[in-house]
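Novice: Structural data only, the sequence is not supplied:
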């Protein structure tokens with residue numbers, strides 16, 4: 001599919017980024033419904049990995065953010081991912097931040113977004129997940145949860161608990177997103193006092209849900225790349241203290257040093273793509289040094305090639321996720337990364 005995407009990309013890049021995003025996903029849906037994707041996309045790579053009791057068909061997943069509402073699950077699954085992560089979803093629907101809110105930095109193979117958890121609410125998303133063939137056939141599907149913008153930061157735990165309750169039955173695992181730069185004060189939850197309180201409440205809620213459903217669903221935390229070593233160590237220690245099952249490193253960055261002078265570089269929001277690769281990988285390394293083999297790490301950030309995926313695994317990640325790389329490289333990146341990680 002490489003040649004086809006290289007022909008399509010210049011046309012897509014003439015469109016507003018959010019418009020191009022929605023158009024691409026809509027066309028993927030059509031291609032999947034018409035049975036075309038399986039002809040255009042390489043056969044998925046079989047490379048099973050077991051993590052937190054979950055059998056992943058291969059170690060390459062879709063990062064949260066690309067399909068916030070679970071509207072395109074079956075089409076995205078057809079691209080060869082070993083797992084999908086949907087969201088971020090919030091308890092109540094919200095429109096997100098005003099448009100425009102997504103910007104390409106093409107020369108840096110990067111994106112800045114300040115979407116702001118735009119979504120239809122967790123209940124609508126759960127209903128879509130239930131209707132998807134991927135979920136019905138037992139595909140590995142993570143649910144990424146967040147708080148509503150209107151909820152005061154001191155009440156954030158209530159939103160996370162509501163969202164976790166809503167997704168618990170349908171999620172293979174649940175990711176708690178406390179690291180988006182696009183919801184006011186959200187990253188304050190990465191501080192010791194607030195994180196300790198949040199994790200304690202989530203742990204209590206999960207115990208109750210586990211007793212109710214007779215199954216303990218893995219709980220992951222997604223953190224920012226803009227943390228120093230002391231902060232990363234603190235977070236790692238708290239994860240172990242409260243029995244959190246894994247960590248996703250990392251979200252987008254607020255740093256701009258690597259893109260200074262480029263068009264849109266000073267737009268507010270999170271920077272993703274190639275410029276965040278090194279920082280993300282360093283966070284993975286730092287986490288691995290602190291956690292050892294106690295907790296698994298999912299590496300995400302700046303993966304635009306199979307070599308980038310191997311770098312994340314060599315740094316200590318057990319699985320990798322893709323998002324911005326798909327925008328610049330197209331669907332063939334999934335297969336390329338899966339091949340690069342085969343038997344790693």
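Specialist: Arrived safely, thanks for sending. What you see is a predicted model; the values in this text were computed from it and never measured.
Novice: for this structure, longest helix please?
Specialist: Using DSSP state H to define each element, the chain has its longest helix at helix 192-213.
Novice: State the mean pLDDT of that one.
Specialist: Average pLDDT, helix 192-213: 96.
Novice: now what about it, what contacts it?
Specialist: 153, 156-157, 160-161, 164-165, 168-169, 176, 178, 188-189, 216-217, 219, 221, 234-235, 238-239, 241-244 (C-beta atoms under 8 Å, 6 or more residues apart in numbering). (C-beta placed from N, C-alpha, C; glycine too.)
Novice: Report the buried residues of that helix.
Specialist: Going by neighbour count (16 or more other C-beta atoms under 10 Å), the buried part of helix 192-213 is 194, 195, 198, 199, 201, 202, 205, 206, 209.
Novice: Stretch 44-53 too?
Specialist: Going by 16+ other C-beta under 10 Å, stretch 44-53 has these buried residues: 44, 45, 47, 49, 51, 52.
Novice: Give me the contact list for it.
Specialist: Against stretch 44-53 from outside (C-beta under 8 Å, 6+ apart): 55-60, 80-82, 173, 218, 245-246, 296, 318-319, 335, 338-339, 341-343.
Novice: Of those residues, just the buried ones, ChimeraX syntax please.
Specialist: Filtering the contacts of stretch 44-53 down to the buried ones (16+ other C-beta under 10 Å) takes a single ChimeraX command:
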select :56,57,58,59,60,80,81,82,173,218,245,246,296,318,319,335,338,341
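Novice: Show me the contacts of stretch 44-53 that map onto strands.
Specialist: Among the contacts of stretch 44-53, the members found in strands (DSSP state E) are 55, 56, 60, 173, 246, 319.
Novice: just these now: which is nearest residue 134?
Specialist: Residue 134 has its nearest neighbour among the ones in strands among the contacts of stretch 44-53 in residue 56, at 13.7 Å by C-beta to C-beta.
Novice: Confirm for me that that closest one is in contact with residue 138.
Specialist: No - using C-beta atoms under 8 Å, residue 56 is not in contact with residue 138; the gap is 12.0 Å.
Novice: would you list every one of the helices in this structure?
Specialist: 2-12, 17-33, 37-40, 73-77, 122-131, 133-136, 156-167, 192-213, 229-241, 277-291, 306-315, 324-329, 332-341.
Novice: how near is residue 208 to residue 201?
Specialist: Distance of residue 208 to residue 201, computed by C-beta to C-beta, to the nearest Å: 11 Å.
Novice: now the protein, which segments are flagged as low pLDDT?
Specialist: 1-3 (pLDDT under 70).
Novice: Buried residues, stretch 126-135. List them.
Specialist: Going by 16+ other C-beta under 10 Å, stretch 126-135 has these buried residues: 126, 128, 129, 132, 134, 135.
Novice: Does the first one touch residue 168 like I think?
Specialist: To tie it back to what came earlier, the one meant is residue 126. No - Residue 126 is not in contact with residue 168 according to C-beta under 8 Å; the separation is 9.7 Å.
Novice: Give me the distance between residue 201 and residue 45.
Specialist: From residue 201 to residue 45 the distance is 39 Å (C-beta to C-beta).
Novice: which residues touch stretch 103-112?
Specialist: Here stretch 103-112 has contacts from 13, 17, 102, 113, 258-259, 262-265, 267, 269-276, 304, 324, 327-328, using C-beta under 8 Å, 6+ apart.
Novice: For residue 296, see how far away the residue lying closest to residue 61 once chain neighbours are set aside is.
Specialist: Setting aside the residues directly before and after it, residue 61 is nearest to residue 83 in space (C-beta to C-beta, 6 or more residues apart in numbering), at 4.2 Å. Taking C-beta to C-beta as the measure, residue 83 and residue 296 are separated by 13 Å.
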